[in-house]
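> sequence and predicted structure are below.
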2 protein chains.
Amino acid sequence: MNAFTVAKQTSMDAIDGLDTLDDWEDAVIDLFLHAANSFGLPKSYGQIYGLLFCRDHPLAMDEVLELLQISKGSASQGLRALRQLGAVSSVFAPGDRKERFVAESRLRKLVGGFLREQADPHLEKGLARLKQIESLVNYIQDVDARKRGARRHEILSGWHRQMSRLLPWVKMIVGKSDRLPQKSSD
Amino acid sequence: MNAFTVAKQTSMDAIDGLDTLDDWEDAVIDLFLHAANSFGLPKSYGQIYGLLFCRDHPLAMDEVLELLQISKGSASQGLRALRQLGAVSSVFAPGDRKERFVAESRLRKLVGGFLREQADPHLEKGLARLKQIESLVNYIQDVDARKRGARRHEILSGWHRQMSRLLPWVKMIVGKSDRLPQKSSD
DNA sequence: CAGTTTGTTCAAAAAAACTTGAACAAAATA
DNA sequence: TATTTTGTTCAAGTTTTTTTGAACAAACTG
């Protein structure tokens, strides 16, 4: 990258305001920071997603960490996790070695990714725990005590079944009319 | 409480095994510990709920903290929070000053309480943030930049609407056939 | 009313989660 | 191949959350 290119880009950014955060962008990033927290994700993930969500064009990792004032490590880990969740995807600009990132803005996809990466694994682990509980209950000698244990195992199995049923419905219901109808996208 | 009463209770507990935790109870408590964590609640809440869930009879706070080996403070705060969530309710045994607690085991109620105490407040806060974003977007001078902000606000508003729609469905779907049909309870 | 039981509060300690940045690796370039 | 660019890893540091327990308050009891 030569001096001319640097100068050109800097001035363009300054004109477009893309090398600083607008107040509304700060507010959006803050919204996602809190949203991430309430979904059990690190706040930096929310910040990164929020920034990309605001922008029309892909950002590279160094732009993200510069704009958000976070460390390289956070940016790297955050972007990887968000991609894993399907919340961001990377694009490679032709003739540029940098990987650039864009936010997925279809709620359906976001919810789907979250359920796949977070909810489904918990349900699987839960099933394993249920099996272990079942076998422990079978060792109980006292009849009444074993009945009590068995009853609890039944209840938990019922809950597990219901949660398993619920998730597909969530995927269905969310994303029925995603992104508002005006100006059809996708 | 006189010596006889103490001796009597101790022996009864020993016989029934109610003053120690069975292996299966440990496993159930551990299950709820992890579940609480994944719902963003302190693990002690999960432990307390799990213990009460295992037992047929109400437990007093001192029994809970003894069985789980947790502090008075944790037990007190945990029980209060769980009651607030509708996950436990307290009963007063006649002729006893102690408040005793039982777990709510209807998934519908648990989910309802969680949504009411956790999800609904988040949605409300989200709405407030959206309004603030909207007003910030209106201050943007540059037309294209304002369009970009307005578009983002629309998308977020759509998400908010969809999440608001989703929650009632969740309440409906969960608890359709709660607690397994056999041996009708409640 | 003095003593006991029951339960709450909250400052400090402990534990858990998150972030940082320097060292490292991989890939492109000269 | 030496150098630069880009990105990852992870031990150590920081922040946040949770737990503890001693002090306190309220309600009962003798």
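Done, it's in.

> how about stretch A:55-67 and chain B, touching?
Yes: interface with chain B: stretch A:55-67 contributes A:D56 (C-beta under 8 Å from any C-beta of the partner chain). From N, CA and C alone the C-beta is placed, and that goes for glycine too.

> how many neighbours does A:E63 have?
As a burial measure, A:E63 scores 19 neighbours (other C-beta atoms under 10 Å in any protein chain shown).

> spatially nearest residue to it (excluding sequence neighbours)?
Distances taken as C-beta to C-beta, 6 or more residues apart in numbering or on different chains put A:D19 closest to A:E63, at 8.0 Å, once the chain neighbours are dropped.

> counting neighbours, what do you get for that neighbour?
Counted with other C-beta under 10 Å, A:D19 comes out at 13.

> any idea how far it is from DNA strand C?
19 Å (C-beta to the nearest atom of the strand, to the nearest Å).

> contact partners for A:R83?
For A:R83, the contacting residues are A:S89, A:S90, A:F101, by C-beta atoms under 8 Å, 6 or more residues apart in numbering or on different chains.

> could you do A:A93 as well?
Here A:A93 is in contact with A:P58, A:R100 (C-beta under 8 Å, 6+ apart).

> follow the chain on from the helix or strand of chain A with the lowest mean pLDDT and name the next helix or strand.
Every helix and strand in chain A was compared by mean pLDDT, DSSP states H and E; the lowest is helix A:3-16, with a mean of 48. Using DSSP states H and E, the helix or strand that follows helix A:3-16 in sequence is helix A:23-38.

> would you mind listing what in chain A touches DNA strand C?
A:40-45, A:69-74, A:77-78, A:97 (C-beta under 7 Å from any atom of the strand).

> I'd like the mean pLDDT over stretch A:69-77, please.
Looking at stretch A:69-77 alone, the average pLDDT works out to 98.

> still on that earlier bit, and the residues of chain A next to DNA strand C, which of them are in helices?
Using DSSP state H, A:K43, A:S44, A:Y45, A:K72, A:G73, A:S74, A:Q77, A:G78 are the members of the residues of chain A next to DNA strand C that sit in helices.

> burial count for the last one?
The burial metric for A:G78, expressed as a neighbour count using other C-beta under 10 Å, is 26.

> which stretches in chain A count as strands?
A:59-60, A:88-92, A:99-103 (DSSP state E).

> pick the most deeply packed of these.
Highest mean neighbour count among the strands of chain A (mean count of other C-beta atoms under 10 Å in any protein chain shown): strand A:59-60, with a mean of 20.

> what strands line up against it, and which way round?
strand A:99-103 (antiparallel) (DSSP bridges).

> what about the partner strand, near DNA strand D?
Yes: judged by C-beta under 7 Å from any atom of the strand, strand A:99-103 and DNA strand D are in contact via A:E99.

> now the angle from that strand to helix A:23-38?
80 degrees (axes from the mean of the first three to the mean of the last three C-alpha atoms, to 10 degrees).

> which residues sit against stretch A:99-114?
By C-beta under 8 Å, 6+ apart, the list of residues contacting stretch A:99-114 reads A:39, A:49, A:52-53, A:55, A:57-61, A:64, A:79, A:82-83, A:85-93, A:170-171, A:174-175, A:178-179, A:186, B:155, B:158-159, B:162.

> flag every residue of chain A that's near DNA strand D.
A:1, A:37, A:60-62, A:72-73, A:76-77, A:79-80, A:96-99.

> which two in the residues you listed are spaced the farthest apart?
By the measure C-beta to C-beta, A:M1 and A:N37 form the most distant pair in these, at 37.4 Å.

> neighbour count: the two, which is higher?
Taking neighbours as other C-beta under 10 Å, A:M1 and A:N37 compare with A:N37 leading, 15 against 6.

> tell me if I'm right that the more buried one and A:Y45 touch.
No: using C-beta atoms under 8 Å, A:N37 is not in contact with A:Y45; the gap is 9.5 Å.

> can you list the domain ranges for chain A.
A:3-103, A:107-173 (automatic domain parsing).

> comparing those domains by mean pLDDT, which bottoms out?
domain A:3-103 (a mean of 89).

> select the longest helix from chain A.
helix A:143-173.

> does that helix come close to chain B?
Yes: using C-beta under 8 Å from any C-beta, helix A:143-173 reaches chain B at A:145, A:148-149, A:152, A:154-159, A:162-163, A:165-166, A:169-170, A:173.

> find the nearest non-adjacent residue to A:V64, please.
A:A75 (5.2 Å).

> repeat that for A:L65.
Using C-beta to C-beta, 6+ apart, the closest residue to A:L65 is A:A75 (4.1 Å).

> run a quick neighbour tally on whichever residue of chain A sits closest to DNA strand C.
Residue of chain A nearest DNA strand C, by C-beta to the nearest atom of the strand: A:G73 (2.1 Å). Per other C-beta under 10 Å, the neighbour tally for A:G73 reads 10.

> so what does the longest helix of chain A touch, helix or strand wise?
Under the contact definition 3 or more C-beta pairs under 8 Å, 6 or more residues apart in numbering or on different chains; DSSP states H and E, helix A:143-173 sits against helix A:107-114, helix A:120-138, helix B:23-38, helix B:43-54, helix B:107-114, helix B:143-173.

> buried set for the longest one?
Going back to what we said before, that points to helix B:143-173. Neighbour-count burial for helix B:143-173, with 16 or more other C-beta atoms under 10 Å in any protein chain shown as criterion, is recorded at B:145-146, B:148-153, B:155-160, B:162-163, B:166-167, B:170, B:173.

> specify the angle between that helix and helix A:143-173 in degrees.
Using the same axes, to 10 degrees: helix B:143-173 against helix A:143-173 is 150 degrees.

> kindly report the same for the first one.
Using the same axes, to 10 degrees, one finds that helix A:107-114 and helix A:143-173 are set 150 degrees apart in direction.
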